[in-house]
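Sequence and predicted structure below; questions after.
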Amino acid sequence: MAKFYRGDMVAGLGLLDKPVVLLCTTNAALTHERKLVMGRGAAEEFKRYFPGCDAQFGLMVSKLGSNYGVLVYQYQFQIAIGAFQVKCHWLEAATLSLIVASTSILDRLAREVWSNWEIRLNFPGIGNGGLDIKDVKPLLLGLPDNVTIWRY
């Protein structure tokens, strides 16, 4: 079962004993420069930590389309970063159906591809997404033990 924490999910990256995937909640809207819109909340903070991730994610969304679920690329040797889709446009509220779809993809990846990795995700849909924790948390409980959900 996924574990839930409070704090900065990016803290302590230099002290890792295993590789980590850091996932940030996002939308599918692109700027005129084909970058993923990451201008508020957790996405904005993520873009500050990982400059250029908006361009990389934008390139991936351009190829895959607006219902991508989860996107990931290798950032450094033991760190991969990714986008976890909770809405289609940044102006919209997060939707439970997109969170369910993205969680399903994450569940499969966590069990089959990243089973030896630590996976950190900011709590989906509750900040600028506008959803209530009590509605979202049950959707995340079935994720495997290597997934941690973070609330700042």
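In hand now; what should we look at? Residues are numbered from 1 along each chain as shown.

In a strand, Asp107, correct?
No - counting by DSSP: H, G, I helix; E, B strand; the rest coil, Asp107 falls outside a strand, being helix.

so how many other residues sit close to the closest residue to it other than its chain neighbours?
In this structure, Asp107 finds its nearest non-sequential neighbour in Leu143, 5.6 Å apart by Cβ to Cβ, 6 or more residues apart in numbering. Heads up, the C-betas are built off the backbone N, CA and C, glycines and all. For Leu143, the neighbour count with other Cβ atoms under 10 Å is 21.

before we move on, what about His32?
His32 has 5 nearby residues by other Cβ under 10 Å.

ok, which stretches of the protein are helices?
Ranges of helices in the chain, per DSSP state H, are 41-49, 53-64, 96-112, 133-140.

now those helices as a markdown table including mean neighbour count?
Formatted as a markdown table, the helices of the chain follow (neighbours: other Cβ atoms under 10 Å):
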| stretch | mean neighbour count |
| --- | --- |
| helix 41-49 | 19 |
| helix 53-64 | 18 |
| helix 96-112 | 17 |
| helix 133-140 | 14 |
